[in-house]
Structure formats: structure tokens, C-alpha cells
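model this:
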Amino acid sequence: MLDLFLQQTVNGLALGSTYALVALGLTLIFGVLLIPNFAHGEFYMVGAFLTYALVMAGLNFWLAMALGALAVIALGCLIDLVAFRPLRGAPPLSLMISALAASIILQQTATLIWTSEARTIPTPVTGVLRTPFFIVTWMQVVVMASLILSVAAIWAILNRTRLGLAIRATAQNHDAALLMGISMVQVRLATFAIGAALGAIAGALLGATFPIYPTMGVNPVLKAFVVLVLGGIGSLRGAVLGGLFLGLVEVMVAGYLSTELQDIGAFTLLVLVLLIRPQGFFGTAQVER
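Purely as a prediction, here's the structure:
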């Protein structure tokens with residue numbers, strides 16, 4: 001029984017690391033720019049397909065993932081320019097509709113290019129690490145290590161660079177940041193670049209474990225919004241811990257109850273958190289006057 005619990009815990013942390021990677025980018029974009037970017041799942045999908053295409057062309061997986069992430073960064077900046085920047089000051093519903101439109105366009109474009117056939121990226125690392133209590137694949141180790149490195153990189157950017165200071169200032173008070181001469185164009189580009197890169201990396205890593213297809217980003221982005229609420233809107237720490245927690249809950253439900261209840265468990269958890277603590281684990285309650 002203990003061995004099963006430890007094995008499920010490791011599997012849950014690996015799955016949660018992927019959720020956290022997707023949620024980090026989504027949380028950053030929403031926390032800084034207040035954009036509910038439902039097209040974020042397509043950054044995840046395009047990153048996976050570009051990595052697949054480059055690996056099939058003969059490139060090393062890690063180089064393919066890096067080049068794919070760069071291309072998705074350009075795509076993220078383009079989406080902001082076309083779908084969101086013209087709607088500055090518009091109601092949140094308008095931004096949401098624009099994001100959904102961008103999501104559908106990217107899904108259909110991917111279907112035209114790669115068809116709806118499911119594919120799998122060749123795994124860059126194989127084998128397992130065996131311990132007396134659980135088994136972990138080296139790919140799971142890579143996914144969890146990628147989350148740690150991503151968190152460290154984001155922390156360094158936000159706390160050790162002038163650009164990071166501008167991003168944090170914008171997240172705290174948009175109007176005050178403008179008065180201080182901070183360039184909103186640079187902040188928007190940097191925010192979308194970081195968010196898109198995180199989504200692309202998550203897609204490439206998960207694509208080496210599970211099949212990829214044009215609509216593969218729908219479920220992860222919904223889970224990422226669950227994580228965003230669980231951890232607290234705008235909290236990067238909450239995105240990481242919320243993603244890990246969601247992964248653990250899903251794996252435990254699938255392992256001890258039924259795989260058919262896995263997604264139900266995630267959204268049941270969302271409802272419970274909204275009822276008990278609407279601001280999330282690490283969010284702060286806001287009072288409107």
C-alpha cells in the first residue's frame with residue numbers, strides 16, 4: 001500500500017509539473033496584462049508540433065525544442081499584436097472572445113498543416129530509475145527538472161533585471177507604471193514571450209510522452225485556469241504549487257478510484273476551493289468600492 005502511494009505521488013508530481021509549466025505562462029500573462037488568454041493552450045500545441053517536425057527533420061530534441069520555443073515566442077507576440085492590443089480598454093468579455101477566436105484559428109491551421117492524426121515525439125531520454133519504493137522514468141525526471149529550471153529563470157528575470165522590475169511594477173499598478181515612464185510595449189512583448197515559451201516547452205516535453213494532435217491544448221489550458229484559481233490569480237508561487245497539487249489529486253483519483261473520474265476530481269476541487277477560499281491558496285481577497 002505504501003509503495004503504491006509513493007508511486008502515485010511521483011507520477012502526480014510529474015503530471016503536475018506539466019500543469020505548472022502551462023499555468024506559469026498563463027498566470028504571468030493574466031497577472032500582468034489581465035488577459036484571459038484561452039489561446040495559451042495553442043502555444044502548448046504549436047510548441048509540440050514544431051518540436052515534432054524539427055525532430056523528424058533530423059534535429060536533436062533539445063535543439064528542436066529550443067527552436068520551437070523561439071517560434072512560439074514570435075507567435076505569442078503576433079497574437080498579442082493582432083488579437084489583444086487593439087482591444088486595450090475593452091471589457092474582459094471582448095478579450096475572452098478574441099482569445100477563443102485565436103485559439104480556433106490556430107487549431108484549424110494546425111489541422112490543415114499536420115492533419116488530425118495523432119503523433120508522438122521520439123523520447124529524448126529512455127530508461128527508468130528504480131528505488132526500493134517507486135520507479136520513475138528519466139523523462140519524468142526531465143519534466144520535473146524543467147519546472148525547477150523554469151521557476152529559477154523566471155525568478156531571476158523578475159527580481160534581477162530592469163525588465164523584470166518593469167513587469168512587476170505593471171502587475172502591481174498599471175497606471176503608476178505608465179507615469180514612471182515604463183514602456184508598456186516592452187512589458188507586453190516580454191510577458192507574452194515568457195508565457196509563450198513556457199507553454200511551448202511544456203508541449204514539447206509532454207509530446208515526448210503522450211500523443212500530440214491539433215486540439216491537444218484545450219484540456220491543459222482548462223486545467224491551467226483551474227490551477228490559476230487554486231493558487232491565486234497572479235501568484236506565480238501559487239501556479240507552481242497549484243499545478244503540483246492538481247497533478248497529485250488527478251493521479252490519486254485515477255489510481256484509487258477510476259481513471260474516468262480523473263477530470264471530475266480536478267473540477268470538483270475547483271468548486272470546493274471557490275466555495276471555501278475564492279481568492280485561492282496564495283491570493284488575496286479584493287474588496288471593490
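
From now on I want contacts and neighbour counts done on CA atoms only, so please keep to that.
OK.

all strands in this structure, in order from the N-terminus.
128-130, 135-137 (DSSP state E).

what are the pairing partners of the last one, and which direction each?
The partner list of strand 135-137 in its sheet, established with DSSP bridges, is strand 128-130 (antiparallel).

excluding its backbone neighbours, what's nearest Phe49?
Ile212 (7.3 Å; C-alpha to C-alpha, 6 or more residues apart in numbering).

Might one say that that neighbour is in contact with Thr120?
Yes - shown here, Ile212 and Thr120 form a contact pair, counting by C-alpha atoms under 8 Å, at 6.0 Å.

what about these two, which has more around it?
Applying other C-alpha atoms under 10 Å to Ile212 and Thr120 shows that Ile212 carries more neighbours, namely 24 against 17.

how close does Ile154 get to Ala197?
11 Å (C-alpha to C-alpha, to the nearest Å).

what's the weakest-modelled helix or strand in the protein?
For the chain, the helix or strand with the lowest mean confidence is helix 262-276, at a mean of 78 (criterion: mean pLDDT, DSSP states H and E).

Extract the CA atoms of that helix and return them as CSV.
Listed next in CSV are the C-alpha coordinates belonging to helix 262-276 (Å, rounded to 0.1, in the frame of the first residue of the first chain):
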residue,chain,number,x,y,z
GLN,A,262,-9.8,12.0,-13.1
ASP,A,263,-11.1,15.1,-14.7
ILE,A,264,-14.2,15.2,-12.5
GLY,A,265,-11.8,15.3,-9.5
ALA,A,266,-10.0,18.3,-10.9
PHE,A,267,-13.1,20.4,-11.4
THR,A,268,-14.7,19.3,-8.2
LEU,A,269,-11.6,20.5,-6.4
LEU,A,270,-12.1,23.9,-8.2
VAL,A,271,-15.6,24.2,-7.0
LEU,A,272,-14.6,23.4,-3.4
VAL,A,273,-11.8,26.0,-3.4
LEU,A,274,-14.2,28.6,-4.9
LEU,A,275,-16.6,27.9,-2.1
ILE,A,276,-14.1,27.9,0.8
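
Show me what counts as buried in stretch 145-154.
Residues of stretch 145-154 classed as buried under the neighbour-count rule (16 or more other C-alpha atoms under 10 Å) are 146-147, 150-151, 154.

From His40, how far off is the nearest residue to Leu205 once chain neighbours are set aside?
Nearest residue to Leu205 in three dimensions, chain neighbours excluded: Val143, at 6.6 Å (C-alpha to C-alpha, 6+ apart). Val143 is 19 Å from His40, where distance means C-alpha to C-alpha.

Which one's more surrounded, these two?
Neighbour count, other C-alpha under 10 Å: between Val143 and His40, His40 has more, with 31 against 22.

What pLDDT does the model give the more buried one?
Here the pLDDT value assigned to His40 is 91.

got it, and the one 5 residues further on?
The confidence metric pLDDT takes the value 95 at Met45.

What about the residue nearest to it when sequence neighbours are not counted, how many residues nearby?
Leaving out its chain neighbours, the residue that sits closest to Met45 by C-alpha to C-alpha, 6+ apart is Gly217, at 5.3 Å. When neighbours are defined as other C-alpha under 10 Å, Gly217 has 25 of them.

And for Gly243?
So Gly243, with other C-alpha under 10 Å, has 31 neighbours.

Next, the contact list for it, please.
16-20, 23, 224, 227 (C-alpha atoms under 8 Å, 6 or more residues apart in numbering).

ditto for Leu270
With the criterion set at C-alpha under 8 Å, 6+ apart, Leu270 makes contact with 226, 229-230.

Who wins on neighbours among those?
Neighbour-wise, the contacts of Leu270 (other C-alpha under 10 Å) top out at Leu230, 30 neighbours.

if I look at it, how far off is Ala23?
Going from Leu230 to Ala23 by C-alpha to C-alpha gives 11 Å.

Look up the residues that both of these two are in contact with.
Common neighbours of Leu230 and Ala23 (C-alpha under 8 Å, 6+ apart) are Ala239.

Please enumerate the helices of the stretch 151-289 of the chain.
Listed in chain order, the helices of the stretch 151-289 of the chain (DSSP state H, counting those that start in this stretch) span 162-172, 174-179, 184-207, 218-231, 236-256, 262-276.

how many other residues sit next to Ile113?
Neighbourhood size, Ile113 [other C-alpha under 10 Å]: 10.

likewise the one 3 residues further on?
Using other C-alpha under 10 Å, the number of residues around Ser116 comes to 15.
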